[in-house]
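Enquirer: would you be able to build a 3D model of this:
(2 chains)
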Amino acid sequence: MLEVRGLRAGYGAIEVLHGIDLDVAEGECVALIGANGAGKTTTLKTICGLLAPKAGTIRLRGREIGGLSGHAIVREGVTMCPEGRQVFPQMSVLKNLRMGAYARSDDGQADDLERMMDMFPILRERAHQAAGTLSGGEQEMLAIARALMARPKLCIFDEPSLGLAPKIVAEVAATLGRIREMGMTILLVEQNSLMALRLADRAYLLEAGEIVLEGTGQELQSHPDVAKAYLGH
Amino acid sequence: MTRIAVSLLYAGALVVLIALPQLISVKYYLHLSILALIWLIVSQGQNLIQGYTGYVSIVGAGFMGIGAYSTTLMGMHLGLPVWLTILLAPPMTAVFALIVGYPSLRMKGHYFAIVTLAFNLVIFIVLLNFTELTQGEAGITGIPKPAGWLEALNFRDREVYYYFVLAVAVLTTGIAWAIVRSRVGQILMAIRQNEDLVGALGVAAWKYKLFAFVASAMFAGLGGALYAHYQSFINPEVFGVAQSLDAILAVIVGGSGTLAGPMIGAFIVIFLPEYLRFADSFRLIIYGLLLVLATIFMPRGIVGLAQDLGARIAGRR
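Expert: Now for the predicted structure:
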């Protein structure tokens, strides 16, 4: 599905990513973990078109998308659920969900809306409430549901656990698990390494702009370096 | 409030506006009412970019000036009829707005405001110094009134011009309503609430921002053209930054991001300074103070205040 080869990117003269290879196969859940400053966000920004790659290729189903503008990449089928519970605060929950499907022109939107409400009963309960009045966890659920409303080929989640209470983090993790079961192709970027590795089929460990380890979620969880540096065992 | 109640309010306001010339005995108030209606048109445009899209533009009066000077100069040099030049003024303004908007909409927040302010200064200076075309500070006199289709429509008559401007104001408010209700309007409001997220939905936000900016400029250009033919005299003085701030104030005081806000705000911006004339040299100080207090105590404007009161009364029942 997504094929990144030799990707270099950065800001101005400073190069942050020094040639990254990354694959996400259809229906796979891939996690990208690493410490602050490792280049996770830069990788995401480049894939999503907010940053132009300096070298390397980004292919989606064989089509080159590197260097396209952000909104064009969304229309190619990559939807990102940005970090920090991004919603339209003054719009109702229902309207937020409809906005998620704005770029679509098919007539399956009403069905999808129903599906999202079934999946997140709390959103049905709050359907006519302004999104800004929802709790942090509910807003994250709304952001996830809105991203799915675009019917993406690849859904990128950027730090979905950021700033949420442990109990809510577990809820978000369970939700992502269900989305994975639905067959959605997911690229998950997380600082909460344990949660990410438990969810992921495969994972990459990013350090100082390079991928230093890759393997299944299980493998990385039990890898001594990862366990020591990232999982706190 | 229910939809019926809102419609009734708008209908009531329209009835009052239609009856207004018959209720006014002092001609001067009719003059102010015409100015207020022209400001209503400009403010509806300002509301599109400022109230709905969330980008405060300080070039409203500059665009009014472009509209006013283009209708006047096209009439003088090309000999076009007044109807046509009034209709051509908004597209002329739109051309300038495209040139100004494309670079300035790359900025956000205060930076955008400052860039548009600079453009208003540029427009003002050009109007002032390009004397071969604009006759500079002395201005242009003897701008013709529109000629009536029927003999009965004598636009020299203030009352007739009042109804003419009222009709245009109703029409432009209708256009603003249609824009806000459309899918485009949805995106404009989404940009105000979370611009980055709009990009994440697969929408090229800059196109919509440019649309709102150009549309607001066309409203201002139309208002400026109506102003020129009403006053029969224009000079750069009335198209300066101070007037742009008046347009912004009309939106804020009335209630930004609402359709009724600019209507109320436009009348306040025109009438309030007049009513304060008794205070003589303290007039502008009191005016400024009132506006400061209004922004502090009614941040959502008069419409917002009315909505809160309405909700409270409904809650008590």
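Enquirer: did I read that right, A:Arg151 in a strand?
Expert: No. Assigned with DSSP: H, G, I helix; E, B strand; the rest coil, A:Arg151 falls outside any strand and is coil.
Enquirer: just for the chain, where's the confidence low?
Expert: Answering for chain A, as no chain was given. Flagging of chain A using pLDDT under 70 yields the residue ranges A:232-233.
Enquirer: correction: the question concerned chain B.
Expert: Ranges of chain B meeting pLDDT under 70: B:1, B:148-152, B:316-317.
Enquirer: try 80 this time
Expert: B:1-3, B:147-156, B:277-284, B:314-317 (pLDDT under 80).
Enquirer: all strands of it, in order?
Expert: B:140-141, B:233-234 (DSSP state E).
Enquirer: any part of stretch B:44-55 near chain A?
Expert: No. Using C-beta under 8 Å from any C-beta of the partner chain, stretch B:44-55 stays clear of chain A, with a minimum separation of 10.9 Å. Placement of C-beta: from N, CA and C, glycine included.
Enquirer: from B:Leu284, how far out is the residue positioned nearest the centre of chain A?
Expert: Centroid-nearest residue in chain A, with C-alpha atoms, centre = their mean: A:Phe157, separated by 1.5 Å. Using C-beta to C-beta, to the nearest Å, A:Phe157 is found at 55 Å from B:Leu284.
Enquirer: what do you get for B:Ala97?
Expert: 30 Å.
Enquirer: more neighbours: which of these two?
Expert: B:Ala97 (28 against 11; other C-beta atoms under 10 Å in any protein chain shown).
Enquirer: circling back to that earlier point, pick the most buried one from the strands of chain B.
Expert: Most buried of the strands of chain B, by mean neighbour count (mean count of other C-beta atoms under 10 Å in any protein chain shown): strand B:233-234, with a mean of 19.
Enquirer: partner strands of it, parallel or antiparallel?
Expert: strand B:140-141 (antiparallel) (DSSP bridges).
Enquirer: off-centre distance for the strand it pairs with?
Expert: 23 Å (C-alpha atoms, centre = their mean, to the nearest Å).
Enquirer: repeat for stretch B:120-130
Expert: Taking mean C-alpha positions (C-alpha atoms, centre = their mean), stretch B:120-130 and its chain are 20 Å apart.
Enquirer: flag every buried residue along that stretch.
Expert: Across stretch B:120-130, burial judged by 16 or more other C-beta atoms under 10 Å in any protein chain shown covers B:120, B:123-124, B:126-128.
Enquirer: got the CA positions of that stretch in PDB?
Expert: What follows is stretch B:120-130, C-alpha atoms only, in PDB (Å, rounded to 0.1, in the frame of the first residue of the first chain):
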ATOM      1  CA  ASN B 120      -5.200  50.100   2.300                       C
ATOM      2  CA  LEU B 121      -2.400  52.700   2.800                       C
ATOM      3  CA  VAL B 122      -1.100  52.000  -0.700                       C
ATOM      4  CA  ILE B 123      -4.500  52.500  -2.300                       C
ATOM      5  CA  PHE B 124      -4.900  55.700  -0.300                       C
ATOM      6  CA  ILE B 125      -1.600  57.100  -1.400                       C
ATOM      7  CA  VAL B 126      -2.200  56.200  -5.000                       C
ATOM      8  CA  LEU B 127      -5.600  57.900  -5.000                       C
ATOM      9  CA  LEU B 128      -4.000  60.900  -3.400                       C
ATOM     10  CA  ASN B 129      -1.000  61.200  -5.700                       C
ATOM     11  CA  PHE B 130      -2.100  59.900  -9.100                       C
END
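Enquirer: who's in contact with that stretch?
Expert: Stretch B:120-130 is contacted from outside by B:58-63, B:65-66, B:69, B:134, B:136-137, B:236, B:239-241, B:244, using C-beta atoms under 8 Å, 6 or more residues apart in numbering or on different chains.
Enquirer: try it again at 7 Å.
Expert: B:58-59, B:61-62, B:65-66, B:69, B:134, B:136-137, B:236, B:239-241, B:244 (C-beta atoms under 7 Å, 6 or more residues apart in numbering or on different chains).
Enquirer: what of stretch A:100-108?
Expert: A:74-75, A:109, A:112, A:146-147, A:149-151, B:201-203.
Enquirer: need the max-distance pair from those.
Expert: A:Asp112 and B:Val203 (18.2 Å; C-beta to C-beta).
Enquirer: pick out the residue nearest the middle of chain B.
Expert: Most central in chain B (C-alpha atoms, centre = their mean) works out to B:Val42, at 1.3 Å.
Enquirer: next, count neighbours for the spatially closest residue to B:Ile179 that is not a sequence neighbour.
Expert: Spatially, and ignoring its direct neighbours in sequence, B:Ile179 is nearest to B:Gly185 (5.3 Å; C-beta to C-beta, 6 or more residues apart in numbering or on different chains). For B:Gly185, the count of nearby residues is 19 (other C-beta under 10 Å).
Enquirer: residues touching whatever residue of chain B ends up closest to chain A, list them.
Expert: Nearest to chain A in chain B, going by C-beta to the nearest C-beta, is B:Gly202, at a distance of 3.2 Å. For B:Gly202, the contact set (C-beta under 7 Å, 6+ apart) comprises A:71, A:74-75, A:102-103, A:150.
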